[in-house]
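Novice: Provided below for reference: sequence and predicted model.
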Amino acid sequence: MSSRRVVVFLSAEELGPALAQLVASRAEKALSSGACSFSLGLSGGSLVSILSKELPAVPNLDCSRWLVGFCDERLVPFDDPESTYGLYKNQLFSKINVPEDRVLAIDPSLPVSECADDYACKLSKAFNTEQMPVFDMLLLGMGPDGHTCSLFPDHPLLQESQKTVAPISDSPKPPPQRVTLTLPMVNAARCVVFVSTGGSKAPVLKRVLEGGEGPILPAALVTPTQGELFWLVDEPAAASLALEVERPGPGAKL
Ligand SMILES: O=C(O)[C@H](O)[C@@H](O)[C@H](O)[C@H](O)COP(=O)(O)O
């Protein structure tokens, strides 16, 4: 892992614009350095509302060459309120100019194992590679149990070392059937950004960032091989941290 930065913001309201600016600046950097696209993996949960509010507010944001995938997705129809793609379609994609055919959604009509394999093929095709697709940036959340994507504590999926996308049928967080990027896929990304806010995350954030008793939690297994790792958190989530963190001033660029 090239670097880990833990950045603490006064509130989620201050974190949002900084996150959007980070995404936009990394997209600009990728595309201006000759890449044909900027590949971004999205998670669900509270990230949906943060990104839907803050990305469209970035001045002159051009997403026409973005390639958008999902770090995990629930096996429900797109019009189900639990569908991460459905939420982003309604709340974000209608406000930015990412072409519809460059948003890589799962096929929720398939059985979960076939759905995972189908999504892995879709990603390989979109990234034009037979190797492990490498996202420019992945945006991850973390549950109060330390899960990320749909990788849950003590789950056999944490040992998956070959697949890029895996099925899960016993998610402890409903709905039970999902597909998820695997740890090798997540750790191959050029930049991984966790966003975690709220006091309920304070205990697990301390355990993930500073270590503690018991098995290592899924979010702590995200250690990009060569990529950057950001933890963007608010003060309530950081309340128990003892390690050195960054506290940028208002409007500071990451
Ligand atoms: O689809 C999902 O459930 C998410 O991808 C999941 O991994 C989420 O990121 C965490 O549960 C954190 O969610 P919050 O940020 O809402 O706490």
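Specialist: That came through fine.
Novice: mind listing the helices for the stretch 151-254 of the chain?
Specialist: 183-187, 202-210, 235-238 (DSSP state H, counting those that start in this stretch).
Novice: Mind putting these into JSON lines with distance to the ligand and mean neighbour count?
Specialist: Every residue, glycine included, has its C-beta placed from N, CA and C. Below are those laid out as JSON lines (distance: least, CB to the nearest ligand atom, whole Å; neighbours: other CB atoms under 10 Å):
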{"stretch": "helix 183-187", "distance to the ligand": "11", "mean neighbour count": "21"}
{"stretch": "helix 202-210", "distance to the ligand": "10", "mean neighbour count": "20"}
{"stretch": "helix 235-238", "distance to the ligand": "10", "mean neighbour count": "21"}
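Novice: ok, E54 - contacts?
Specialist: E54 makes contacts with 16-17, 19-20, as judged by CB atoms under 8 Å, 6 or more residues apart in numbering.
Novice: R26 is nearest to which of the helices of the stretch 151-254 of the chain?
Specialist: helix 183-187 (16.4 Å; CB to CB).
Novice: got the residues of the stretch 101-250 of the chain near the ligand?
Specialist: Contact residues, the stretch 101-250 of the chain versus the ligand (CB under 6 Å from any ligand atom): 141-143, 147-149, 173.
Novice: before we move on, back to that, TSV for the helices of the stretch 151-254 of the chain, including mean pLDDT and distance to D62?
Specialist: TSV is the format used below for those (pLDDT from 0 to 100; distance: least, CB to CB, whole Å):
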stretch	mean pLDDT	distance to D62
helix 183-187	98	27
helix 202-210	98	34
helix 235-238	98	32
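Novice: any idea what sits nearest the residue of the stretch 51-200 of the chain found nearest the ligand, other than its immediate chain neighbours?
Specialist: Of all residues in the stretch 51-200 of the chain, G141 sits closest to the ligand, at 2.3 Å by CB to the nearest ligand atom. Distance criterion CB to CB, 6 or more residues apart in numbering; nearest residue to G141, sequence neighbours excluded, is G45 at 4.4 Å.
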